[in-house]
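# sequence below, structure please.
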Amino acid sequence: MVKITKNMAIGEILDKCPKAAELMFKIGLHCVGCPVAMQETLEQGAKAHGLTNKQIEDLLKKINKLK
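Purely as a prediction, here's the structure:
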C-alpha cells in the first residue's frame, strides 16, 4: 500500500483511501466535493482551513492506519 503524505492531492488521497473522507470531515476539511481537491495537497487544504502542523500529522497517522 502507498503511504499517504501531506504532499498528495486530496483527490488522490480519497481515491486511494475513501474512508479518509470521514476523518477529514470530523476535523473541518470538507474538501471531498470541492473541485480544487483534485489539485490541492492535503497540507494546502488543511492550512487554508486553519489546521496546525500537529493536526495534519495526526490526521495522516489516522488515515494511514485505515489502509
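# low-confidence ranges, this protein, go.
Applying pLDDT under 70 to the chain flags residues 1, 67.
# give me the most central residue, the protein.
Centroid-nearest residue in the chain: Leu42, 4.5 Å away (criterion: Cα atoms, centre = their mean).
# nearest residue to that residue other than its sequence neighbours?
Lys6 (4.9 Å; Cβ to Cβ, 6 or more residues apart in numbering). Quick note: C-beta positions are derived from backbone N, CA and C, even for glycine.
# which ones are touching the one you found?
Thr41, Leu42, Glu43, Ala46, Ile56, Glu57, Leu60 (Cβ atoms under 8 Å, 6 or more residues apart in numbering).
# how is it assigned, secondary-structure-wise?
Secondary structure, DSSP: H, G, I helix; E, B strand; the rest coil: Lys6 is coil.
# that older thread, got a list of what the residue nearest to the centre of the chain touches?
Ile4, Thr5, Lys6, Asn7, Met8, Ala9, Ile10, Ile13, Ile56, Leu59, Leu60 are the contacts of Leu42 under Cβ under 8 Å, 6+ apart.
# of the residues you listed, closest to Gly50?
Nearest to Gly50 out of the contacts of Leu42 is Ile56 (Cβ to Cβ; 11.1 Å).
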